[in-house]
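Asks: from the sequence below, what's the structure:
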Amino acid sequence: MDYETVIGLEVHVQLSTESKIFSSASAAFGGDPNTHIDPLTFGLPGSLPVLNRKVAESAILLGLALNCEIRKFNRFARKHYFYPDLPKGYQISQYDEPICEHGRLKISTENVERVIGVTRIHMEEDAGKNIHDARTRSSLIDLNRAGVPLLEVVSEPDLRSPAEAGSYLKTLRQIVRYLGISDGNMEEGSLRCDANISLRPKGQLKFGTRTEVKNINSFKFVERALNYEIARQLSILKGGGQVIQETRLFDSANGSTHAMRSKEESADYRYFPDPDLPPLIVEESWIEKVRAGMPQLPEQLMEKLHSELGLSEYDAAVLTSEKEDVEYFLACYKVCRNAKASSNWVTSELFGLLKKEGLSITESPIAAADLGELIRLIDDGTISGKMAKELFEEAFSTSRSPKEIMEERGLQQISDEGELQAVIAEVLEANPGQLAEYLGGKEKLKGFFVGQIMKATKGSANPKKVTELLDRELNTRKSGDPQ
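Replies: Purely as a prediction, here's the structure:
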């Protein structure tokens with residue numbers, strides 16, 4: 001391509017608060033239409049907004065996680081537009097004095113790391129929802145979502161490909177989930193993305209004319225929408241035409257975008273400070289209090305798993321992709337103190353069965369401590385790896401402790417030297433021909449003896465101990481020394 005792609009994302013993060021941003025009405029997802037409402041949601045005269053402190057603290061927390069400057073003096077503004085799902089005729093948002101500015105987010109695409117600038121994070125309320133019924137040719141309005149708290153995260157136009165945009169969005173989702181401020185569920189609208197995209201000739205500093213693609217609700221659709229827009233704009237420019245600045249909608253059914261309206265500028269919204277809300281003063285002591293309660297982020301945990309626990313970068317990345325996964329792993333490791341074995345059992349055995357059953361790790365029938373105990377039983381020689389897999393599968397299907405099942409079925413591995421030496425002697429005496437051949441130089445028969453010993457003990461002998469004691473006995477007989 002002779003053109004460079006320029007992408008900026010505006011991501012709306014719906015916060016997991018109990019109440020709405022400016023009222024005590026429920027912010028829970030779902031519910032019968034128009035049941036999570038109050039006078040402020042309806043925009044009734046005389047109803048006044050009061051800021052939800054949890055929303056401000058969530059904004060500070062995300063700002064710290066994205067290396068932003070936290071503005072000590074910030075305030076709310078009214079953003080005017082007229083649509084049926086906005087009863088007041090304006091949305092309470094932040095304009096020129098947002099709570100967070102000048103941040104950055106590190107992303108990785110095909111093992112190449114880049115730092116993407118974050119222009120701002122601001123607080124705002126969500127609008128309601130219009131439901132269009134083609135059958136009756138009518139529209140219905142559900143205001144349950146109106147007033148639900150949002151953080152809008154605006155990136156710099158630093159992204160250069162749909163893949164980078166997807167990586168940025170996934171990384172941001174991962175961070176808000178780790179912080180516990182949002183579930184990041186795109187299907188339920190907890191994370192919504194508007195993408196701004198333009199093309200410019202390579203080497204040119206001036207940006208091209210951009211279009212905005214609204215309300216994309218999955219990672220896959222973000223990349224598909226951007227790929228379509230790149231091809232569409234490129235076709236226009238190659239044909240000698242001009243791209244029109246407009247807002248477009250993505251049609252997931254056919255993978256295309258279509259014009260929605262001309263793109264508004266800030267002047268179209270007639271922003272001015274909201275007279276019903278005083279400025280928000282964020283003192284340094286408040287910032288430090290939020291910082292003190294900040295959990296470890298994915299990047300920090302990846303480094304810990306790699307440098308302190310010795311896991312590969314790949315394993316560390318897999319385990320930290322979701323907060324619940326790494327919490328499970330750490331709880332398992334705390335019991336057995338074997339990081340590599342814990343990683344293997346969690347990412348291979350556990351993830352495999354969970355995927356097969358359609359369960360999340362929080363729904364795992366096996367507790368992390370019980371899996372840690374199972375690994376410890378392998379490490380101390382109480383059970384073999386084969387026994388462990390049998391116990392694991394039964395524990396998964398019954399939700400019982402693997403150790404409890406082991407004790408009930410008497411599956412402990414035989415590691416007692418005296419008991420194993422007696423079995424070895426019996427096997428050698430029962431197979432004099434093979435013993436003679438082995439002593440004559442046919443050393444491959446050692447595997448035969450191991451098999452017979454395992455058969456005699458019904459698979460419960462400790463293989464490591466069997467090999468050690470068998471080698472000792474065979475070497476003794478080969479040298480001709482009495483036992």
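Asks: how about the nearest residue to residue 113, chain neighbours excluded?
Replies: Leaving aside its chain neighbours, residue 113 sits nearest to residue 106 (6.1 Å; criterion: Cβ to Cβ, 6 or more residues apart in numbering). Using the backbone N, CA and C atoms, a C-beta is placed for each residue, glycine as well.
Asks: next one: the residue nearest to the spatial centre of the chain from residue 387, what distance?
Replies: Nearest to the mean C-alpha position of the chain, by Cα atoms, centre = their mean, lies residue 322 at 3.6 Å. Look at residue 322 and residue 387: by Cβ to Cβ, to the nearest Å, they are 30 Å apart.
Asks: the biggest helix by length in the chain packs against which elements?
Replies: When the chain is scanned for its longest helix (criterion: DSSP state H), the result is helix 219-238. On a contact count with 3 or more Cβ pairs under 8 Å, 6 or more residues apart in numbering; DSSP states H and E, helix 219-238 meets strand 3-14, helix 162-179, strand 191-201, strand 211-216, strand 246-251, strand 256-262.
Asks: contact partners of that helix?
Replies: With contacts defined as Cβ atoms under 8 Å, 6 or more residues apart in numbering, helix 219-238 is touched by 1, 3, 5, 7, 162-163, 165-166, 169-170, 186, 193, 195, 197-199, 208, 211, 213, 216, 242-243, 248, 250, 252, 255-257.
Asks: okay, the angle between that helix and helix 162-179?
Replies: Interaxial angle of helix 219-238 relative to helix 162-179 (axes from the mean of the first three to the mean of the last three Cα atoms, to 10 degrees): 150 degrees.
Asks: buried sites along helix 219-238?
Replies: 219, 221-226, 228-230, 232-234, 237 (16 or more other Cβ atoms under 10 Å).
Asks: quick one: distance of that helix to the chain centre.
Replies: Relative to the centre of its chain, helix 219-238 is centred 26 Å away, using Cα atoms, centre = their mean, to the nearest Å.
Asks: and the angle from it to strand 256-262?
Replies: 70 degrees.
Asks: could you tell me the angle between helix 219-238 and strand 211-216?
Replies: Using the same axes, to 10 degrees: helix 219-238 against strand 211-216 is 160 degrees.
Asks: output helix 219-238 as PDB - backbone C-alpha positions only.
Replies: Taking C-alpha atoms only, helix 219-238 is exported to PDB below (Å, rounded to 0.1, in the frame of the first residue of the first chain):
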ATOM      1  CA  PHE A 219     -13.000  -7.900  19.100                       C
ATOM      2  CA  LYS A 220     -13.600  -9.800  15.900                       C
ATOM      3  CA  PHE A 221     -16.000  -7.100  14.600                       C
ATOM      4  CA  VAL A 222     -13.500  -4.300  15.400                       C
ATOM      5  CA  GLU A 223     -10.900  -5.800  13.100                       C
ATOM      6  CA  ARG A 224     -13.500  -6.700  10.400                       C
ATOM      7  CA  ALA A 225     -15.000  -3.200  10.500                       C
ATOM      8  CA  LEU A 226     -11.500  -1.600  10.200                       C
ATOM      9  CA  ASN A 227     -10.400  -3.900   7.400                       C
ATOM     10  CA  TYR A 228     -13.600  -3.000   5.500                       C
ATOM     11  CA  GLU A 229     -13.000   0.700   6.000                       C
ATOM     12  CA  ILE A 230      -9.400   0.500   4.900                       C
ATOM     13  CA  ALA A 231     -10.500  -1.200   1.700                       C
ATOM     14  CA  ARG A 232     -13.400   1.300   1.100                       C
ATOM     15  CA  GLN A 233     -11.300   4.400   1.700                       C
ATOM     16  CA  LEU A 234      -8.400   3.100  -0.300                       C
ATOM     17  CA  SER A 235     -10.700   2.400  -3.200                       C
ATOM     18  CA  ILE A 236     -12.000   6.000  -3.100                       C
ATOM     19  CA  LEU A 237      -8.600   7.500  -2.900                       C
ATOM     20  CA  LYS A 238      -7.100   5.300  -5.600                       C
END
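Asks: what is residue 130 paired to in the beta sheet?
Replies: residue 141 (DSSP bridges).
Asks: ok, it - contacts?
Replies: Residue 130 touches 83-85, 139-141, counting by Cβ under 8 Å, 6+ apart.
Asks: quick check, pLDDT for it.
Replies: pLDDT for residue 130: 89.
Asks: again with the one 5 residues further on
Replies: Looking at residue 135, its pLDDT is 88.
Asks: and what about it, helix, strand or coil?
Replies: Assigned with DSSP: H, G, I helix; E, B strand; the rest coil, residue 135 falls in the coil class.
Asks: and this structure, what are its domain boundaries?
Replies: 3-286, 296-409, 417-479 (automatic domain parsing).
Asks: in terms of mean pLDDT, which of these ranks lowest?
Replies: domain 417-479 (a mean of 85).
Asks: in the lengthiest strand in the chain, what's buried?
Replies: Secondary structure of the chain per DSSP state E: the longest strand is strand 112-125. Under the neighbour-count criterion of 16+ other Cβ under 10 Å, strand 112-125 has 116, 118-125 buried.
Asks: how about the strands in the stretch 1-150 of the chain?
Replies: 3-14, 69-70, 73-74, 77-80, 90-93, 100-109, 112-125, 129-133, 138-142, 149-155 (DSSP state E, counting those that start in this stretch).
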